[in-house]
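Asker: curious how this folds, go ahead:
(chains A and B)
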There are 2 protein chains.
Amino acid sequence: MTASGFDVLCIGNAIVDVIARVGEDFVSRHGLVKGSMNLIDEARAEQLYGDMGQAIEVSGGSAGNTAAGVASLGGRAAYFGKVKADQLGAIFRHDMRAQGVVFDTPAATEGPATARSFILVTPDSERTMNTYLGACVNFTTADVDRKVVEAAQVTYMEGYLWDRPEAKDAFKLAARIARAAGRKTSITLSDSFCVERHRDSFLELIRNDIDIVFANEAEINSLYQTRNFDDAVKAIGIDCPVAVVTRSEKGCVVVKGDEVHASPAHPVARVVDVTGAGDLFASGVLYGLTNGRSLSEAARLGSLAAAEVISHIGARPEVKLRAHAEMLGLL
Amino acid sequence: MTASGFDVLCIGNAIVDVIARVGEDFVSRHGLVKGSMNLIDEARAEQLYGDMGQAIEVSGGSAGNTAAGVASLGGRAAYFGKVKADQLGAIFRHDMRAQGVVFDTPAATEGPATARSFILVTPDSERTMNTYLGACVNFTTADVDRKVVEAAQVTYMEGYLWDRPEAKDAFKLAARIARAAGRKTSITLSDSFCVERHRDSFLELIRNDIDIVFANEAEINSLYQTRNFDDAVKAIGIDCPVAVVTRSEKGCVVVKGDEVHASPAHPVARVVDVTGAGDLFASGVLYGLTNGRSLSEAARLGSLAAAEVISHIGARPEVKLRAHAEMLGLL
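Answerer: Numbers count the residues shown, from 1 in each chain, chains lettered A, B, ... in the order given. Below is the predicted model of the structure:
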């Protein structure tokens, strides 16, 4: 690891979140499945936005949130993702760099606008995402900067990339480069519907090319088509060196072969918006693992980061997570 | 008053707020005066933004916030202001309409981008604003829709408009139309530095063309070049039919000729960001006065609206103020 290296490279869809509180009726009126991420086209984006109340705009994107979290913990983070050269793209780039994330993927000068995800937060603090991928469709293998991949201890990618063939190719290229350089690879399964869409190729990938898998309970159950969590845990232990499975307020389970360690969730005074919980959990674990911490210490950092992000609106930390972790004696 | 009329028409600079928490050192490093609004050019905007941490974007603009507040209280609100036909302009328009505000000023298709105000919130919850006026410089008399002015019980305008000669002309035209139609006019003095810049013409305007003045303690003291609040109150009572002067946690003073009524501030559990306090106070007062409430009842609605907006980040209400006011028996 050289001084110019990275702890974690995150690759994902570069998205600006458009967050509004809505009533339960909004979700049913628009035929949405609560808690899920839906891909929408531009016409549907207009329709939903036209019916939404006043919103706030804040940089997001699953792997982007994770990169911001790694940097907020004091780690060296890089990011690949595609925005357009427009106002929202400039905001996204500013916010990545303002957190200390190295983000140099060139912006698209043509084609669709920077991606937006309309995130509807219901009174139960659950969130339903509606993502217009926009400029993300222009993310290709040409955006995989080999030197950055080779310089990163872990290359972490979101399963959502699988929804576009060009992004999937870019993901696979990055994984090959990382492993050829003796680096580790990591994936988050992103969403149970995403797993439904790509189950076979996710399984093939995990069995052959991934060192660390992140998933939640619904995603891993979907991956192995079971309702029995213990069966899913057993299966992932065989398929992959390390898996970290989150279970909301029940904390998480770290699986390493046939070793299974449960870790509690960090207490939260008031859950405001669960957006980014999984992303920030991953950032804590990845920071820990790339900075000499044990799996259980890493899981505690993940829980801490997730607890901070669900205590407010928006999917990126509002405080410097490093100071927070130091105060609690975790770093 | 017809069914198609408005309670309040608000006219102001259409601005998207870019809000970030900063340390006290940021304010001193950039030579800013805490609590003030500074007009900045594009180069300075780039410089400040480049040094700011991650931000959230949310529609703002002083009179825009007031219009949103009137609508949130259940009032009929209209707005004039100039955005560009760009992404931030679309966000601003969406957010106004999503609150129920009628906002039909055409967007500029050429010239500078939609205005942004970089709002730096220090740990004491005070805010320092740095505004790049952008497309607002294209707001002119052509944007004053006579029918809307004539249909509004009160036309309310921000003093900030005075910073651009074209906007000042538009302001004066709107005031003339309103008074010719037997309607009321209102102004907020906006900021003590704004008063410094325009003292003489503000005084002339208030003495001749304004029915209701909104100001805070610093602004009214600046207007009359005194450090004695009581002297300033006496002077404004002579110059203008009604003046409402806010004094932060000390509440407000309503001045009607030689009658002076003090009204307490609404309690706030935790002040998070004072941005919008004056704007929302004005919305409560204006809603009350245009809906048959007494001055003291109107002041209580103003205090309630201000208390809500300073309890969170951003200058527009996060909850439906009407429901809030009804719950407390104020409506």
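Asker: OK, contacts around the residue nearest the centre of chain A?
Answerer: Closest to where the C-alpha atoms of chain A average out (C-alpha atoms, centre = their mean) is A:Ser62, at 3.1 Å. Residues near A:Ser62 by C-beta atoms under 8 Å, 6 or more residues apart in numbering or on different chains: A:Gly12, A:Asn13, A:Glu158, A:Tyr160, A:Thr188, A:Ser190, A:Gly278, A:Asp279. Every residue, glycine included, has its C-beta placed from N, CA and C.
Asker: touching, the fourth one and A:Gly12? I think so.
Answerer: Yes - with contacts defined as C-beta atoms under 8 Å, A:Tyr160 counts as touching A:Gly12 at a distance of 6.7 Å.
Asker: more neighbours: those two, which one.
Answerer: Set A:Tyr160 next to A:Gly12 and count neighbours by other C-beta atoms under 10 Å in any protein chain shown: A:Gly12 wins out with 30 against 25.
Asker: the closest residue to the more buried one other than its chain neighbours in helix, strand or coil?
Answerer: Once flanking residues are discounted, A:Gly12 sits nearest to A:Ala63: 2.7 Å by C-beta to C-beta, 6 or more residues apart in numbering or on different chains. Three-state call for A:Ala63 (DSSP: H, G, I helix; E, B strand; the rest coil): helix.
Asker: ok, how many other residues are close to A:Ala63?
Answerer: By the criterion of other C-beta under 10 Å, A:Ala63 has 30 neighbours.
Asker: list the residues that contact it.
Answerer: So A:Ala63 contacts A:Cys10, A:Ile11, A:Gly12, A:Asn13, A:Tyr79, A:Gly81, A:Tyr156, A:Met157, A:Glu158, A:Thr188, A:Asp279 (C-beta under 8 Å, 6+ apart).
Asker: one more time with 10 Å
Answerer: Residues near A:Ala63 by C-beta atoms under 10 Å, 6 or more residues apart in numbering or on different chains: A:8-15, A:79-81, A:156-161, A:187-188, A:190, A:279, A:282-283.
Asker: can you give me the distance of it to B:Gly251?
Answerer: Distance, A:Ala63 to B:Gly251, using C-beta to C-beta, to the nearest Å: 49 Å.
Asker: quick check: bridge partners of the nearest residue to the residue nearest to the centre of chain A once chain neighbours are set aside?
Answerer: In space, and not counting its chain neighbours, A:Ser62 is closest to A:Glu158: 4.5 Å by C-beta to C-beta, 6+ apart. According to DSSP bridges, the residues that bridge with A:Glu158 are A:Thr188.
Asker: how many residues are close by A:Glu158?
Answerer: Residues near A:Glu158, counting by other C-beta under 10 Å: 30.
Asker: if we can go back for a sec, want to try JSON lines for the contacts of A:Ser62, with pLDDT as columns?
Answerer: Below are those laid out as JSON lines (pLDDT from 0 to 100):
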{"residue": "A:Gly12", "pLDDT": "98"}
{"residue": "A:Asn13", "pLDDT": "97"}
{"residue": "A:Glu158", "pLDDT": "96"}
{"residue": "A:Tyr160", "pLDDT": "93"}
{"residue": "A:Thr188", "pLDDT": "97"}
{"residue": "A:Ser190", "pLDDT": "93"}
{"residue": "A:Gly278", "pLDDT": "96"}
{"residue": "A:Asp279", "pLDDT": "97"}
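Asker: make JSON lines out of these and add secondary structure.
Answerer: JSON lines is the format used below for the contacts of A:Ser62 (three-state DSSP):
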{"residue": "A:Gly12", "secondary structure": "coil"}
{"residue": "A:Asn13", "secondary structure": "coil"}
{"residue": "A:Glu158", "secondary structure": "strand"}
{"residue": "A:Tyr160", "secondary structure": "helix"}
{"residue": "A:Thr188", "secondary structure": "strand"}
{"residue": "A:Ser190", "secondary structure": "coil"}
{"residue": "A:Gly278", "secondary structure": "helix"}
{"residue": "A:Asp279", "secondary structure": "helix"}
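Asker: farthest-apart pair in these, please.
Answerer: Pairwise distances among the contacts of A:Ser62 were taken by C-beta to C-beta; the largest, 14.7 Å, belongs to A:Asn13 and A:Gly278.
Asker: how about the helices in chain A?
Answerer: With DSSP state H, the ranges of helices along chain A come out as A:24-29, A:42-51, A:62-72, A:87-98, A:146-151, A:165-180, A:192-209, A:217-223, A:229-239, A:277-289, A:295-309, A:321-327.
Asker: what parts of the stretch 101-250 of chain A come near chain B?
Answerer: Residues of the stretch 101-250 of chain A lying close to chain B (C-beta under 10 Å from any C-beta of the partner chain) are A:Val101, A:Ala113, A:Thr114, A:Arg116.
Asker: what two of those residues are the furthest from one another?
Answerer: Farthest pair in these (C-beta to C-beta) is A:Val101 and A:Ala113. Separation: 21.9 Å.
Asker: higher neighbour count, those two?
Answerer: A:Val101 (26 against 20).
Asker: strands - which of the residues of the stretch 101-250 of chain A next to chain B land there?
Answerer: Judged by DSSP state E, those include A:Arg116 as members of strands.
Asker: in TSV, list the residues of the stretch 101-250 of chain A next to chain B along with distance to B:Arg300.
Answerer: Shown next, in TSV, are these (distance: C-beta to C-beta, whole Å):
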residue	distance to B:Arg300
A:Val101	47
A:Ala113	44
A:Thr114	44
A:Arg116	39
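Asker: which among the residues of the stretch 101-250 of chain A next to chain B gets closest to chain B?
Answerer: Ranked by distance to chain B (C-beta to the nearest C-beta), those are led by A:Ala113 at 7.0 Å.
Asker: right, and that closest one touches A:Gly134 too?
Answerer: Yes - applying C-beta atoms under 10 Å, one finds A:Ala113 in contact with A:Gly134, separated by 5.0 Å.
Asker: what's the overlap in contacts for those two?
Answerer: Common contact partners of A:Ala113 and A:Gly134 (C-beta under 10 Å, 6+ apart): A:Val16, A:Glu42, A:Ala45, A:Val83, A:Lys84, A:Asp86, A:Leu88, A:Gly89.
Asker: specify the beta-bridge partners of A:Val242.
Answerer: When assigned by DSSP bridges, A:Val242 has beta-bridge partners A:Ile212.
Asker: contacting residues around it?
Answerer: Per C-beta under 10 Å, 6+ apart, neighbours of A:Val242: A:184, A:186, A:210-214, A:236, A:254-257, A:259, A:285, A:289, A:295, A:298.
Asker: which one of the helices of chain A is the most hemmed in?
Answerer: Ranked by mean neighbour count, the helices of chain A are led by helix A:62-72 with a mean of 32 (mean count of other C-beta atoms under 10 Å in any protein chain shown).
Asker: setting aside sequence neighbours, what's the nearest residue to A:Glu249?
Answerer: Excluding the flanking residues, the one nearest A:Glu249 by C-beta to C-beta, 6+ apart is A:Ala265, at 5.3 Å.
Asker: check the gap between that neighbour and chain B for me.
Answerer: Noted for A:Ala265: a distance of 25 Å to chain B, by C-beta to the nearest C-beta, to the nearest Å.
Asker: thank you kindly, that will do.
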